[in-house]
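> Sequence and predicted structure are below.
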Amino acid sequence: MLSFGLTIVRHGETQYNKDGLLQGQGIDSSLSEAGIRQAEAVGLYLQDVHFTNIFASDMKRAKQTAEIIVRKNKTGNDLDIVTDPSLKERSFGIAEGGRVEDMRNMAKAAGQLIPEYTPPNGETVEQVKVRISKFLKAMFQRMSDDHRDKVRPDVESQPAETDGPLAGRPDDGILKVSAHALVVTHGAYMRVAVRHFIEDLACSVPLGSDMTQVFSACSNTGICRFIVTLRCSDSDVMLSGMKCVFVNRRDHIKAEDS
């Protein structure tokens, strides 16, 4: 068994985000000045957190955010960033480049909420889940290969550290895990991923969680964290269990705004 931390961060703000416009996959924006400040803030927030692996979407806004976080980190600034197209933002088809409000109206006309609505030529939630599953499979294999020395055949459960109240620190939930993956991706992708983890992969959530908040959209550079346990063998790597530590944390943004 191998338990590792999984910290997922949404990229910093772009001008399209600020203007309320959809980017999806067709618009490959860089970070705005505010987005760079947000990425630096989350990098400082996570500067003492030890990462062993870094993964990022191959889109500019995510790669740039990952690079800033790694540069600010005190222990992982020599790590390579593994870019993966499976982490790209959800495609919004003909709605890309238009206003988020216009897509909300399109969803309303179709009798759907915006997270479930698929614009013409866009990517369905199920198609995004296929990409998420593809990424997870590759990440699980990479973590198993890179940390084979940390696999413990006698460990049958995940660390109990996340069962109690959180201390509200950047290293919440990961003090007892020996490997830790950082993933930098996109807002709509994260929203689908979190729901997929909980509803399809039986990921547990902290006692008393407000599920409306858990499934809500993550703000720019918002942070989600999970503990993942893998069952590793010579022939296969399988998910054994998953636990949510927290979702949509933005303490670094609050600190910046104060």
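Yep, it's here.
> from the middle of its chain, how far away would stretch 32-47 be?
16 Å (C-alpha atoms, centre = their mean, to the nearest Å).
> What mean pLDDT does it get?
Average pLDDT, stretch 32-47: 97.
> can you give me the strands for the stretch 51-200 of the chain?
With strands called from DSSP state E, counting those that start in this stretch, the stretch 51-200 of the chain shows them at 53-56, 81-83, 180-185.
> would CSV of those strands with mean neighbour count, mean pLDDT and distance to Val247 be doable?
(Each C-beta comes from the backbone N, C-alpha and C, glycine too.) Listed next are these as CSV, based on neighbours: other C-beta atoms under 10 Å; pLDDT from 0 to 100; distance: least, C-beta to C-beta, whole Å:
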stretch, mean neighbour count, mean pLDDT, distance to Val247
strand 53-56, 22, 98, 18
strand 81-83, 17, 98, 23
strand 180-185, 26, 98, 14
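> show me where pLDDT drops low in the protein?
The model of the chain has pLDDT under 70 over residues 154-165, 255-258.
> Now with 50, please.
Low-confidence segments of the chain (pLDDT under 50): 156-162, 258.
> Can I get the strands of the stretch 51-200 of the chain in TSV including distance to Glu199?
What follows is the strands of the stretch 51-200 of the chain, written out as TSV (distance: least, C-beta to C-beta, whole Å):
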stretch	distance to Glu199
strand 53-56	23
strand 81-83	27
strand 180-185	19
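> does Leu22 really touch Arg90, like I thought?
No: assessed by C-beta atoms under 8 Å, Leu22 is found out of contact with Arg90, at 9.8 Å.
> all helices for the chain, in order.
15-18, 33-45, 60-72, 100-109, 125-146, 187-200, 211-214, 251-257 (DSSP state H).
> Quick one: closest of those helices to Thr229.
Closest to Thr229 of the helices of the chain, according to C-beta to C-beta: helix 125-146, at 10.5 Å.
> between that closest one and strand 180-185, how many degrees?
150 degrees (axes from the mean of the first three to the mean of the last three C-alpha atoms, to 10 degrees).
> by contact count, what packs against helix 125-146?
strand 2-10, strand 53-56, strand 180-185, helix 187-200, strand 223-232, strand 237-249 (3 or more C-beta pairs under 8 Å, 6 or more residues apart in numbering; DSSP states H and E).
> rerun at 7 Å
strand 2-10, strand 53-56, helix 187-200, strand 223-232, strand 237-249 (3 or more C-beta pairs under 7 Å, 6 or more residues apart in numbering; DSSP states H and E).
> winner for burial among the ones you listed?
The highest mean neighbour count among the helices and strands packed on helix 125-146, using mean count of other C-beta atoms under 10 Å, belongs to strand 2-10: a mean of 25.
> quick one: strands adjacent to it?
strand 180-185 (parallel), strand 223-232 (antiparallel) (DSSP bridges).
> May I see the ones you listed organised as a markdown table, with distance to Arg37 added?
Listed next are these as a markdown table, based on distance: least, C-beta to C-beta, whole Å:
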| stretch | distance to Arg37 |
| --- | --- |
| strand 180-185 | 16 |
| strand 223-232 | 16 |
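> Among these, which comes closest to Asp172?
strand 223-232 (7.0 Å).
> Surely Val205 is in contact with Ile198?
Yes: under the criterion of C-beta atoms under 7 Å, Val205 makes contact with Ile198 at 6.3 Å.
> one step back: for Tyr16, find the nearest of the strands paired with strand 2-10.
strand 180-185 (16.2 Å).
> I'd like to check the angle between that closest one and helix 33-45, please.
Using the same axes, to 10 degrees: strand 180-185 against helix 33-45 is 170 degrees.
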